[in-house]
Every structure is written in C-alpha cells, then in structure tokens.
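1. Quick one: sequence and predicted model below, then my questions.
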Amino acid sequence: MAVEINGSRPRVTGKILPDFKGQMVTLLGTVSDFDPNSRGLYLNTSDNVSVNIKFGSEALISEMTPNIMIEVTGQVDHSGSAMQGQCWNFVPSGEKALDLNLYNLAVEKMHQLGANIYPHIDQSQVFSE
C-alpha cells in the first residue's frame, strides 16, 4: 500500500517521532541496515535513533547502500518507532557535507518554537526540554 504524500508536514527527529503517531512527517538520516522482511530499512536519524522505514512493494532499496543519507516522508505508525513512506537520496548542494548535528539542532529549535513554525500542529505535540 502506497502512502499518499501531499500537504505540509513537519520535520522531526527520531526522539520526537513517537509524538507524531499517525501523522505525516519528514525524517532525515543515514541508512544503517536493510530489513528484507518488511521491504524496508533502518534509518539512523540525526539524533542517533534507529527507525524502521517500511516502503512496500514499490521500494527501490536495491539501489541504496549503507551510510547513504536519505530523506523519508511518510506516516508514523501507532508504535511511534516506525514509518511507512517514500524516500529520496539526500545529496546536499555545495562542496561541504551536511552536518547532521546542526540539522538536528535546527529541527529541535523549530519544535521548541512551536506554533510560530508549524501552526497546524496541535500544541500538545510540541517538543520541549
């Protein structure tokens, strides 16, 4: 079953993924391993959380290699530890590689700001320290 990708969706980190159960989100990380049982993979997120990504029959995981950076957009499952969605290779432009630590900090700060960044998110979903 393909996941319909449309509309706005927040960027999240692995640690706050469970706060978005059933919602559409975008997650960035590197491929750590493949899961042949679910036709998916395990993504190591910017905050070092392993997330099981399930793609279904249309996935092209044969074209991916470990440690490649990808962006996944999809729906968080009811456990909050897995997603079903679509992915894209994430190749940063320019000469420098993307610093995942800075990316992680930026996503955390966006969620701390809450409604100013994502007005469509229920404030009970906002990440706070």
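-> Arrived safely.

2. all contacts plus neighbour counts: C-alpha atoms, from now on.
-> Fine.

3. For Asp99, grab the count of nearby residues.
-> Neighbourhood size, Asp99 [other C-alpha atoms under 10 Å]: 10.

4. for Met110, helix, strand, or coil?
-> helix (DSSP: H, G, I helix; E, B strand; the rest coil).

5. What is the burial count for it?
-> 19.

6. With Val72 instead?
-> Neighbours of Val72 (other C-alpha under 10 Å): 23.

7. pretty sure it is touching Lys54, no?
-> No - using C-alpha atoms under 8 Å, Val72 makes no contact with Lys54, being 10.1 Å away.

8. Common neighbours of the two, please.
-> Here Val72 and Lys54 have Gly85 as joint contacts, going by C-alpha atoms under 8 Å, 6 or more residues apart in numbering.

9. Direction included, what does the strand ranked longest in the chain pair up with?
-> Identified as the longest strand of the chain according to DSSP state E is strand 24-35. Strand 24-35 sits in its sheet next to strand 11-12 (parallel), strand 40-45 (antiparallel), strand 69-76 (antiparallel), going by DSSP bridges.

10. now the helices for this structure?
-> Ranges of helices in the chain, per DSSP state H, are 100-113.

11. Can you pull out the low-pLDDT segments for it?
-> For the chain, applying pLDDT under 70 flags the ranges 1-7, 38, 56-63, 90-96, 114-129.

12. hmm, back to that, who touches the longest strand of the chain?
-> Contacts for strand 24-35 (C-alpha under 8 Å, 6+ apart): 9-14, 40-46, 61, 64-76, 100.

13. Next, count neighbours for the nearest residue to Pro18 once chain neighbours are set aside.
-> Spatially, and ignoring its direct neighbours in sequence, Pro18 is nearest to Gly80 (3.8 Å; C-alpha to C-alpha, 6 or more residues apart in numbering). Counted with other C-alpha under 10 Å, residues neighbouring Gly80 total 19.

14. and the direction of the longest strand of the chain versus that of helix 100-113, what angle?
-> Orientation check (axes from the mean of the first three to the mean of the last three C-alpha atoms, to 10 degrees): strand 24-35 against helix 100-113 gives 150 degrees.

15. hey, C-alpha coordinates of strand 24-35 in PDB?
-> The C-alpha trace of strand 24-35 is given here as PDB (Å, rounded to 0.1, in the frame of the first residue of the first chain):
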ATOM      1  CA  MET A  24       2.700  12.600   8.200                       C
ATOM      2  CA  VAL A  25       6.300  13.800   8.900                       C
ATOM      3  CA  THR A  26       9.700  14.100   7.200                       C
ATOM      4  CA  LEU A  27      12.800  12.500   8.700                       C
ATOM      5  CA  LEU A  28      16.400  12.700   7.600                       C
ATOM      6  CA  GLY A  29      19.200  10.200   8.400                       C
ATOM      7  CA  THR A  30      21.600   7.600   7.100                       C
ATOM      8  CA  VAL A  31      20.800   4.000   6.100                       C
ATOM      9  CA  SER A  32      22.200   1.700   8.700                       C
ATOM     10  CA  ASP A  33      20.700  -1.700   7.700                       C
ATOM     11  CA  PHE A  34      18.100  -3.300   5.500                       C
ATOM     12  CA  ASP A  35      15.000  -5.200   6.600                       C
END
